[in-house]
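> compute the structure for the input listed below.
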Amino acid sequence: MVPPRRKERPRPGARSGRAAASGFRYLDDRLPAGEGGSLVRKAFPDHWSFLLGELALYSLVLLLLTGVFLTFFFHPGEAEIHYTGSYAPMRGQLVSEAYDSTLHISFDVRGGLLIRQVHHWAALLFVTAIGVHMMRVFFTGAFRKPREINWVVGVTLFVLAVAEGFCGYSLPDDLLSGTGLRVVQSLLLSIPVIGTYLSLFLFGGEYPGTEIIPRLYTVHILLIPALIVGLVVVHLILVVYLKHTQWRGPGRTEANVVGQPMFPQFAAKSTGLQLMLFGLVTVLGGVAQINPVWNYGPYRTDQVSTGSQPDWYVGFLEGSLRLMPPFETSVWGHTFMWNILVPTVVLPALLFLGLYLYPFLERWLTGDDREHHLCDRPRERPARTGLGVAGITFYVVLLLAGGNDVIAKLFGVSLNGLTWTFRIALVVAPPVAFMVTRRLCVALRALDLERVREGEETGEVRQSVEGGMAPEHRPLPLAERYTLLMRETPRPLEPPQQRGTDGQPPGRVRRLRTALSRWYLTDRVD
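Take a look at the predicted model:
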């Protein structure tokens, strides 16, 4: 009698393998799952400066996580109630519902104060990371064709981040944030003709109104976050589609990207950065106090907090307000408050307009219509680097001027004298910074070429037969020599002919463009 054959059991991994293959086929029939392999193998340049954008992204993730927690407990109402919470010094006082819920989160919700402070620190880091990332893009020329649209997206993200931070900063309805809202109301009233109507609409009536906090809350948790997330998605899609820029070096060309694949090397490094950022911000939220609204008290229209300072990203507007001298005019019954309109509306509009247009202006000046995927070293573009440093200097002067009262008290100097010092510095410091930076870039580039020709100093001194002393040099490594010599040397536009093909002299725009191009590209070290 033949015994029955035993059925072979499938190997332990075979069943899971078939399930994975079946699941992948299911997704690939409905989604472009098969095309994800190219994304997994996408190369990312291995340099710390390219992680600045990752810091901004993970700060945004932390903001969304903590913000969702806070929305469960915050009530954006402006009706006045008597505080009955656990913070004894405030009991019995009339406060708004928004301020009451902020104190409730801070003192009665388990972990609420930690989450509040983590949220605030993450907001500061988010705006800072975007700003530093944009500076990296600017100084390395990573905004050039074909990335002009991505630069516009990045500037818009920065503007939205500043607006989002200010809205969140104003929600607690404490004396400090209320002072900032009073400045916003003055800003609106300074706009000719429509300013009064804008103020009435935003605040829901005469200042302080009854609608400003609920409206800011809606904008803060719904409108601006949706725009930010949407633009971040667009930004990342463009980064993947246009590929990463990279530093010049052996094997790196305009047609390739040398670096680590997305999985597993870059994914592991990026995940580690995310965990480090989450941990650091959590530690800051636990040990570094920020925005203690219970010390400021609830907002009252007849009071102003002493030494009030906004967060750094809007501090430059405070400085511009303090430096602008009083000046107003009346035309046809309408008063133009230049001392408020210029520093808070005209100035930031011009600054951000310049940021939006800069890639297109540089392209117009240089006549460069090629695609660029290799980064410039800042010293190789003296004019661009000088303009960037001048802009940073302009911003720093305004930021310091926003705290002129605190600085005057701290150092025991005259407030009026300090204000005039900042006014002069605002005009003089940016041009000086531009000229110094431009000359430093030229000098550093000349030093690079000298190192290529003569080599690196060894620290030893050799004596010649004639008795002279000379430092000993050794040749630079080939990779470093290649990197220093691998650069573009753009030349200014050729001056227009005296007579064009039609027999007419060149127009003013063409002559202006040529003159600006020569000014922009004159400082070269060949």
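> quick one: low-confidence ranges for the stretch 201-350 of the chain?
Along the stretch 201-350 of the chain, segments meeting pLDDT under 70 span 305-306.
> what about the helices in it?
Under the criterion DSSP state H, counting those that start in this stretch, the stretch 201-350 of the chain contains helices at 212-218, 224-242, 267-287, 293-296, 312-323, 338-341, 347-366.
> right, and the ones you listed - which one's nearest residue 164?
With C-beta to C-beta, the closest approach to residue 164 among the helices of the stretch 201-350 of the chain belongs to helix 224-242: 4.5 Å. Every C-beta, even on glycine, is put in place using the N, C-alpha and C of the backbone.
> elements contacting the closest one?
Counting contacts by 3 or more C-beta pairs under 8 Å, 6 or more residues apart in numbering; DSSP states H and E, helix 224-242 packs against helix 52-71, helix 148-170.
> rewinding a little: residue 510: which of the helices of the stretch 201-350 of the chain is closest?
Short answer: helix 347-366, nearest of these by C-beta to C-beta, at 11.4 Å.
> and the angle for that closest one with helix 148-170?
Relative orientation of helix 347-366 and helix 148-170, computed by axes from the mean of the first three to the mean of the last three C-alpha atoms, to 10 degrees: 170 degrees.
> so what's the residue lying closest to residue 376 once chain neighbours are set aside up against?
Spatial nearest neighbour of residue 376, excluding adjacent residues (C-beta to C-beta, 6 or more residues apart in numbering): residue 141 at 4.1 Å. Each residue near residue 141 by C-beta atoms under 8 Å, 6 or more residues apart in numbering is listed here: 372, 375, 376, 381, 384.
> isn't the second one up against residue 252?
No: here residue 375 lies out of contact with residue 252, judged by C-beta atoms under 8 Å, at a distance of 9.8 Å.
> please enumerate the strands of the stretch 351-500 of the chain.
456-463, 469-474 (DSSP state E, counting those that start in this stretch).
> what's the angle between the longest one and strand 469-474?
Strand 456-463 and strand 469-474 are oriented at 140 degrees to each other (the same axes, to 10 degrees).
> and the nearest residue to residue 316 once chain neighbours are set aside, what does it touch?
Nearest residue to residue 316 in three dimensions, chain neighbours excluded: residue 398, at 3.9 Å (C-beta to C-beta, 6+ apart). Residue 398 is in contact with 315, 316, 317, 319, 320, 323, 426, counting by C-beta under 8 Å, 6+ apart.
> could you dump these to a markdown table with distance to residue 75?
As requested, the contacts of residue 398 are arranged in a markdown table below (distance: C-beta to C-beta, whole Å):
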| residue | distance to residue 75 |
| --- | --- |
| 315 | 29 |
| 316 | 32 |
| 317 | 29 |
| 319 | 34 |
| 320 | 35 |
| 323 | 39 |
| 426 | 42 |
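> can you lay out the helices and strands packed on helix 224-242 as TSV showing mean pLDDT?
Listed next are these as TSV, based on pLDDT from 0 to 100:
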stretch	mean pLDDT
helix 52-71	95
helix 148-170	95
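> which ones are touching residue 383?
438, 519, 520, 521, 523.
> from those, which two are the most distant?
Across these (C-beta to C-beta), the longest gap, 11.8 Å, separates 438 and 521.
> picking up where we left off before, more crowded one of residue 375 and residue 252?
residue 375 (23 against 20; other C-beta atoms under 10 Å).
> how much space between the closest residue to residue 203 other than its chain neighbours and residue 347?
Nearest residue to residue 203, sequence neighbours excluded (C-beta to C-beta, 6+ apart): residue 209, at 3.1 Å. The gap separating residue 209 from residue 347 is 27 Å, by C-beta to C-beta, to the nearest Å.
> tell me the contacts of residue 95?
So residue 95 contacts 80, 81, 82, 83, 103, 298 (C-beta under 8 Å, 6+ apart).
> wait, the fourth one sits on residue 91?
Meaning residue 83. Yes: if you go by C-beta under 8 Å, residue 83 and residue 91 touch, sitting 5.9 Å apart.
> show me which of those two is the more surrounded one.
More crowded of residue 83 and residue 91, by other C-beta under 10 Å: residue 83, with 18 against 11.
> now the lengthiest helix in the chain: mean pLDDT?
For the chain, the longest helix by residue count, based on DSSP state H, is helix 415-454. For helix 415-454, mean pLDDT rounds to 93.
> so how far is that helix from its chain's centroid?
Put simply, helix 415-454 sits 23 Å off its chain's centre (C-alpha atoms, centre = their mean, to the nearest Å).
> quick check: buried residues in that helix?
418-419, 421-423, 425-426, 429-430, 433-434, 437-438, 440-441, 445, 448, 451 (16 or more other C-beta atoms under 10 Å).
> repeat for stretch 204-213
204, 207, 208, 209, 212, 213.
> same for the helix or strand encompassing residue 104, what does it pack against?
Using DSSP states H and E, residue 104 sits in helix 97-107. Judged by 3+ C-beta pairs under 8 Å, 6+ apart, the packing partners of helix 97-107 are helix 112-139, helix 293-296.
> run the last query once more with 10 Å
On a contact count with 3 or more C-beta pairs under 10 Å, 6 or more residues apart in numbering; DSSP states H and E, helix 97-107 meets helix 52-71, strand 80-82, strand 94-96, helix 112-139, helix 175-189, helix 212-218, helix 293-296.
> including distance to residue 356, could those go into CSV?
Putting the helices and strands packed on helix 97-107 into CSV (distance: least, C-beta to C-beta, whole Å) gives the following:
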stretch, distance to residue 356
helix 52-71, 19
strand 80-82, 43
strand 94-96, 38
helix 112-139, 12
helix 175-189, 21
helix 212-218, 26
helix 293-296, 35
